[in-house]
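> Here is a sequence together with a model predicted from it:
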Amino acid sequence: MIVVYHNPRCRKSRETLEILETKKADYEVIKYLDIPLGEEKLGKIIKILKIKPIELVRTNEKIWKENFKNLEFSDKELIQVMAKYPQLIERPIVINGDKAVIGRPPKRILDII
């Protein structure tokens, strides 16, 4: 089953769900702002995505710019920041088994479904 970490307020995230509907894919939506992911889950997602934690951070968000922009973080510390401030997590994240992508642009998900 495909898992989508989704923010309903995000246009790219909504477009991703539209693609999955069009493809009649079997998927589960997790609204990560309502159900926090936690550090362990975020670490696993980052590992599946095969990226560095900073690549999952929305560095243009106001919270990042005002509080974290000029600071140095270890990977573990970045994961802690994202766990505490989930609005900093890039979205949507789509996982299909052992494959995952950030759906920006949404058509990227076609590579794993």
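Perfect, I can see it now.

> What are the boundaries of the strands in the chain?
With DSSP state E, the ranges of strands along the chain come out as 2-6, 27-31, 93-96, 99-102.

> now the angle from the second one to strand 2-6?
I take that to be strand 27-31. For strand 27-31 against strand 2-6, the angle by axes from the mean of the first three to the mean of the last three CA atoms, to 10 degrees is 20 degrees.

> Deepest-packed of the strands of the chain, please.
strand 93-96 (a mean of 24; mean count of other CB atoms under 10 Å). C-betas here are computed from N, CA, C, even on glycine.

> what about Tyr32, neighbour count?
Residues contacting Tyr32 under the criterion other CB atoms under 10 Å number 22.

> Compare the strands of the chain and give me the one nearest Lys47.
When the strands of the chain are ranked by distance to Lys47, counting by CB to CB, first place goes to strand 99-102 at 9.2 Å.

> ok, residues contacting that closest one?
45, 48-50, 56, 90-94, 108-109, 111-112 (CB atoms under 8 Å, 6 or more residues apart in numbering).

> before we move on, back to that, do you know which of the strands of the chain lies nearest Glu61?
Nearest to Glu61, of all these, is strand 99-102, at 14.9 Å by CB to CB.

> Can you show me the helices along this structure?
Ranges of helices in the chain, per DSSP state H, are 11-22, 38-49, 62-67, 75-84.

> Need those helices in JSON lines (columns: mean neighbour count, mean pLDDT and distance to Val29).
Conversion of those to JSON lines gives the following (neighbours: other CB atoms under 10 Å; pLDDT from 0 to 100; distance: least, CB to CB, whole Å):
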{"stretch": "helix 11-22", "mean neighbour count": "16", "mean pLDDT": "97", "distance to Val29": "7"}
{"stretch": "helix 38-49", "mean neighbour count": "16", "mean pLDDT": "98", "distance to Val29": "15"}
{"stretch": "helix 62-67", "mean neighbour count": "12", "mean pLDDT": "97", "distance to Val29": "24"}
{"stretch": "helix 75-84", "mean neighbour count": "17", "mean pLDDT": "98", "distance to Val29": "19"}
